[in-house]
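In: Sequence and computational prediction follow.
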Amino acid sequence: MADDYFAFFGLPEKLTIDADDLERRYLGLSWKLHPDNFVNAEEFERNLSLERSSQLNDAYRTLRDPVARVEYLLARKGVRKEGQTKQQAPPELLEEVFELNESLEELQMARESGGDGNEMKALRDRLQAAGKSFEEKLAEVDEELTAVCAEWDAAIDANADEAKRSTLMARMNEILNRRSYIRNLVSNVSRELEESATA
Amino acid sequence: MSRTVGIDLGTTFSLIAWVNPETGKPEVIPGPYGTALCPSIVSLDEDGRIVAGEAARRRLLTQPDRTIYSVKRLMGRGVEDVQDELKIFPFRIDPESRNVIRVRLGDRFFTPPEISAYILREVKGWAEEFFREPVTRAVITVPAYFNDAQRQATKDAGRLAGLEVLRLVNEPTAAALAYGLDREQRGRVAVYDFGGGTFDVSILKLIAAGEGDIYQVLSTCGDTHLGGDDIDNRLLEIAREEIRRDLGLDLESYPETVQDLRKALIAAKHELSHSLESNVRFLLPEGMAYVRRFTRDEFDSLISPIVERTLGPVRQALSDAKLKPAEIDEIVMVGGSTRIPLVRSRVEQVFGRPPHVELDPDEVVALGAAVQAAILTTGVQDTLLLDVTPLSLGMETMGGVVAKLIPRNSTIPASAEELFTTGVDNQTAIELHILQGERELARDCRSLARSRLPVQPAPAGLARVEVRFTIDANGILQVRARDLRTGQEQSIEVQPSYGLNDQEIERMLIESIDFAEQDFAERQLIEARNEAESILHATEKSLSDEQSAEIDPAERQRIEGAVAALREAMAGTDYKLVRTRIDELNEATTHLAELLMNHAIAAALEGKRVAEI
């Protein structure tokens, strides 16, 4: 039970989860399992409570996050291994990524060499605009992920065969790789914007 | 059964409180001087005896060389961490100190947990006097932003003071708990806790569930070296500079005068909380005097940078909780420094509403600790605290980079599992370096512990060791390892980077003068009997549970046999035998406990209410 977060909450292996329902289940289980209830219990029971309640918190932290829950499912099914995720630019974005990186580097260099105010502002504006476009792409990827998740849930309901499930998981994995690539870009941009603002 | 108390082990003052069963309300317990505030000061007198509290505070002026205050700043820290404090605080650190600082009082050296233990023992004595009964169990509060080593040091202090520490509770959480009793509060609460030496801010969500009230901490942030002390030091710095400049007197060689001056400036600080000006008239050596008028405006501008430093963590905590200031329903003020008008007005500005100041900001943490102590021991489970870990837990990987295992603000208990293998043939151990902090490089994070996982010599990559890192409900790390090839659980030795190991604590317990005065065995017997009582109670409850019908008669008989054996041992005076019988009973009920736990989980999932497990 502990190694299956979905089962821990008594949920099917589906990816659309109602946040309020999940919280209710989480709080209900917390009342039962929290170490505070076992202060006067035997050592074995105290240890068991520590183990179960930490697993409960780990499970809740994972399942309440729509992306973490997909990553968890894929890792559990052996589709996605930590450290083996591909970090390469999606081909259709290559050109834009190249431009974004260029304006990132330019701003960075200007900041490090103490560039003048006007130049910095122009570079910042350019980076901001490029960053914005990637933020929009991130939102699109999230929508894409939500859609595949819904397909997955339908496949579970229809008791679909392994082949169907594998195809869906491969698609989710591909989306996650793309997502993590874009998200890295976005956070690099916001970090640079922050640093150059205080520079 | 002995009494259980809540203790606020503060930088400047410590307090002890309990929940009065007649009123159901928490109350602080006053000491012999009529006040419930026990100065967190310890002194070694000329006869080699330790005094703590008010008696030590008096000696701070006459015997500064044998007296220490603000020791909380040193808890769980290494010598290299405290270099900044040494410039400001008159700590006399043993230059030979290694992973645990040793402080000199007169001609002897003490570790910070030992000194804190004397403070704990002082307030424990107050409570024992008050109850006319021994006090053996306590909930102790810690700053929410305390790291693992600081928490462990606090727990060690409790143990050295002869207390079983039932739980370490974060100070802001305790404060929220104390407030929650008085009013029908629901929604999102920010606790701003600005004490003598530490600053914390926690954002909580209060939930009324069917089972009772849940206090869920969403995020916490802070600075364990920011407090009223810093304001005092700022004033002292100014006064010393002015004395040097205007009177040509350097106070370097007058440590007693510096302590005295500090006291006068603290009095001025207090006065400025309710007056618009304060006049300091202070007699100096060589017949001189320091006369100085501080206005509220000047004071505000002097301390403004310190107050602003608290707002960074406030913004961080809000952003981690994914909330905007306007989404906070209530703000609770804790700690003596929140009496300062500038602090109140800045907090009000940030949140756009006035904070709560109804409860005494010095007492509120101890009151909350008492409430938690009552929750833990009376069996009335109508309130549940879900707290978080303030700092991310990580592990050093290739190139000195930190791999995060448990992110900050994760609800505790929390855990993470990692699989390790060997990189070269016939490797006999895997080295682990565990860290706490948000930075990406190991050298920028706080080193918690190093450990070696022994492995059987084998070709590279064949070993499979699963390591489980668990942060318990006190915010303290536990590490367990399992060899997946042999299935064997390993108890691995974790060498704390900063802190006492078990042997050192045992030795201190034995060496401790106070302890030698007491009858050690008698105390052990009382504690063993207390523990036995609670285990017997728990076992009876388990056996009377209808689900226990599932166990076979032989198992039931084994448990009943162990119960009888324990009762017999309790009638005697051999505490070791009582301990042995407790262990045996634990062993006998292992399967039953697991069975009941699984039923409880299943029942909870079906939405059934199981009153008690």
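Out: Good, I have the coordinates.
In: Domains in the chain, by residue range?
Out: All of this refers to chain A. A:5-64, A:91-198 (automatic domain parsing).
In: that's the wrong chain, I wanted chain B
Out: Split by automatic domain parsing, chain B gives B:3-182+B:363-377, B:228-301, B:393-486, B:519-605.
In: Minimum distance to residue A:161: which of those has it?
Out: domain B:519-605 (28.7 Å; Cβ to Cβ). Just so you know, the C-beta spots here come from the backbone N, C-alpha and C atoms, and that holds for glycine as well.
In: List the buried residues of stretch B:202-210.
Out: B:202, B:203, B:204, B:205, B:206, B:207 (16 or more other Cβ atoms under 10 Å in any protein chain shown).
In: burial of residue 160, as a residue count?
Out: I'll assume chain A. For residue A:160, the neighbour count with other Cβ atoms under 10 Å in any protein chain shown is 15.
In: ah, no, chain B please
Out: 24.
In: Roughly how far does it sit from residue B:115?
Out: 10 Å (Cβ to Cβ, to the nearest Å).
In: which stretches of chain A have low pLDDT?
Out: Under the criterion pLDDT under 70, the flagged ranges of chain A are A:1-2, A:82-88, A:198-199.
In: Enumerate the residues of it near chain B.
Out: For chain A, the residues in contact with chain B (Cβ under 8 Å from any Cβ of the partner chain) are A:1, A:9-10, A:25, A:27-37, A:39-45, A:48-55, A:57-58, A:60-61.
In: make it 7 Å
Out: Counting by Cβ under 7 Å from any Cβ of the partner chain, the residues of chain A close to chain B are A:10, A:27-32, A:34-37, A:39-45, A:48, A:50, A:52-55, A:57-58, A:61.
In: Report the contact partners of residue A:120.
Out: Applying Cβ atoms under 7 Å, 6 or more residues apart in numbering or on different chains to residue A:120 gives the contacts A:110, A:196.
In: quick one: secondary structure of it?
Out: Three-state call for residue A:120 (DSSP: H, G, I helix; E, B strand; the rest coil): helix.
In: coming back round to it: single out the most deeply packed of the domains of chain B.
Out: domain B:3-182+B:363-377 (a mean of 22; mean count of other Cβ atoms under 10 Å in any protein chain shown).
In: The domains of chain B: which one's closest to residue B:356?
Out: When those are compared by Cβ to Cβ, domain B:3-182+B:363-377 sits nearest residue B:356, at 6.6 Å.
In: rewinding a little: and the residues of chain A next to chain B, which are buried?
Out: A:27-32, A:34-37, A:39-45, A:48, A:50, A:52-55, A:57-58, A:61.
In: Which members of the residues you listed occur in helices, if any?
Out: A:27-32, A:43-45, A:48, A:50, A:52-55, A:57-58, A:61 (DSSP state H).
In: Where does the residue nearest the centre of chain A fall, secondary structure wise?
Out: Note on chain A: the residue nearest the mean C-alpha position is residue A:67, at 3.8 Å, using Cα atoms, centre = their mean. Using DSSP states H and E, residue A:67 falls within helix A:66-76.
In: Which elements pack onto that helix?
Out: helix A:43-63, helix A:162-198 (3 or more Cβ pairs under 7 Å, 6 or more residues apart in numbering or on different chains; DSSP states H and E).
In: quick one: the first one to chain centroid distance?
Out: Relative to its chain's centre, helix A:43-63 lies at 23 Å (Cα atoms, centre = their mean, to the nearest Å).
In: Need the residues that contact that helix.
Out: By Cβ under 7 Å, 6+ apart, helix A:43-63 touches A:2, A:5, A:8-9, A:17, A:22, A:26, A:29-30, A:33-35, A:37-38, A:68-69, A:72, B:410-411, B:413-415, B:470, B:472, B:586, B:590, B:593-594, B:597.
In: on contacts alone, who are the packing partners of the helix or strand harbouring residue B:600?
Out: Using DSSP H and E, residue B:600 falls within helix B:575-605. If you count contacts as 3+ Cβ pairs under 7 Å, 6+ apart, helix B:575-605 packs onto helix A:19-33, helix A:43-63, helix B:520-544, helix B:553-571.
In: just the angle between the third one and helix B:553-571, please?
Out: When you say that, I think you mean helix B:520-544. Taking axes from the mean of the first three to the mean of the last three Cα atoms, to 10 degrees, helix B:520-544 and helix B:553-571 form an angle of 150 degrees between their directions.
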